[in-house]
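Q: here's a sequence, model it:
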Amino acid sequence: MKVGICSLGCKVNIYESEVVINLLKDHGYQIVDFDSVADIYIINTCSVTNMADSKSRKLIRHARRENPECILVVCGCSAENHQADLKDLDIDILIGNTGKSKIVELINDYLINKIPYTYFAGTRDLEFEDMQVDKFTSHTRGFIKVQDGCNNFCTYCIIPYMRGNIRSKNFDTALKEAETLVANGHKEIVLTGIHTGSYGRGTNHDLTDLIEAMSKI
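A: This next block holds a predicted model:
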C-alpha cells in the first residue's frame, strides 16, 4: 500500500515522522510524495502558532477531499491542542504526541477492523517514548531526538501543554543510534529536542556529556 506523509513544524516532528517512515518501510509499505495518490495519508501536525494550526487543518481537509477512500492518520501538537475540533474532520486514526511509534500497528489494526481510533495520553508525567532511526531518507544529516517536553511554561508558549514534562533518551541508547546513523553514511548528527539543553536532567549525564561522547564516534 502507498503512504503519503507530511510533517509540519520542528525538527522533533521531522525526526518522529522519519521513525514512522522507517517502520512503514520495514512492514512493506511504499512511501510516496504527499501530493501523490496514496492509500494512506499521515499528517504530523504543528500548533506553535495559529498559522500552523490553520495549515494543519487545511492539509487534513485537503487529504480527505482529494482522497475520500483513504485511511487518514493525524497526530502531533495541533491534534493534541484541538482534539474536539478535529474529531469532526472524518479522521480514521487521531492521536496526539504520544504513540507515534505505534502508528504502523494502528494502521494494521484499522485495515482489519475498520474501527476509527482516537487516543490522547495527557501531557504531564510522561515517560520518554523511545524511537530509533537507522537512516534518514530525505536529509543528508541524521537527526536524533534526545529530549522531549518543557517545564518552563513561558506565558506566550503553548508547547509545555502539548509536549508534556521534560524527559530524555537513555544515554547509551542515544550513542548507539548515532553509531548506526554514522555507519549508514550520515556524516553529521543533529541532536534535537523541545528543550534540548535540559537533556539528562535527573540522571548522571547532561548534554555536554552526550556531545563529548558522540564526538568520538
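
Q: quick check: buried residues in stretch 48-60?
A: Burial within stretch 48-60, assessed by neighbour count using 16 or more other C-beta atoms under 10 Å, is assigned to Val48, Ala52, Asp53, Lys55, Ser56, Arg57, Leu59, Ile60. Using the backbone N, CA and C atoms, a C-beta is placed for each residue, glycine as well.

Q: what's the most distant pair in these?
A: Within the buried residues of stretch 48-60, Val48 and Ile60 form the most distant pair, 17.1 Å apart (C-beta to C-beta).

Q: which parts of the protein are strands?
A: Secondary structure of the chain (DSSP state E): strands located at 2-7, 30-32, 40-45, 71-76, 93-95, 117-119, 142-145, 147-148, 167-168, 189-192.

Q: between the ones you listed, which one is closest to His82.
A: His82 sits nearest to strand 40-45 of all the strands of the chain, at 8.8 Å, using C-beta to C-beta.

Q: for the closest one, C-alpha coordinates in PDB please.
A: What follows is strand 40-45, C-alpha atoms only, in PDB (Å, rounded to 0.1, in the frame of the first residue of the first chain):
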ATOM      1  CA  ILE A  40      -2.900   6.200   3.500                       C
ATOM      2  CA  TYR A  41      -2.100   9.800   4.400                       C
ATOM      3  CA  ILE A  42      -0.300  10.700   7.700                       C
ATOM      4  CA  ILE A  43      -0.200  14.300   8.800                       C
ATOM      5  CA  ASN A  44       2.100  15.100  11.700                       C
ATOM      6  CA  THR A  45       0.700  18.500  12.800                       C
END
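
Q: tell me the gap between the helix or strand of the chain with the lowest mean pLDDT and the middle of its chain.
A: Here the helix or strand of the chain ranked lowest by mean pLDDT, DSSP states H and E is helix 83-86, holding a mean of 90. Its chain's C-alpha centre and that of helix 83-86 lie 19 Å apart, by C-alpha atoms, centre = their mean, to the nearest Å.

Q: next: stretch 29-46.
A: 14 Å.

Q: let's have the chain start at 23 instead
A: Sounds good: first residue 23 from here, last item stretch 51-68.

Q: contacts for it?
A: Residues from elsewhere that reach stretch 51-68, judged by C-beta atoms under 8 Å, 6 or more residues apart in numbering: 23-32, 35, 38-39, 42-43, 46-47, 74-75, 77-78, 81-82, 85, 89, 92-101, 122, 125-126, 129, 159.

Q: buried subset of the residues you listed as a PyMOL selection?
A: Filtering the contacts of stretch 51-68 down to the buried ones (16+ other C-beta under 10 Å) takes a single PyMOL command:
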select buried, resi 25+26+27+28+29+30+31+32+35+38+39+42+43+46+74+75+77+78+81+82+85+89+92+93+94+95+96+97+98+99+100+101+122+125+126+129
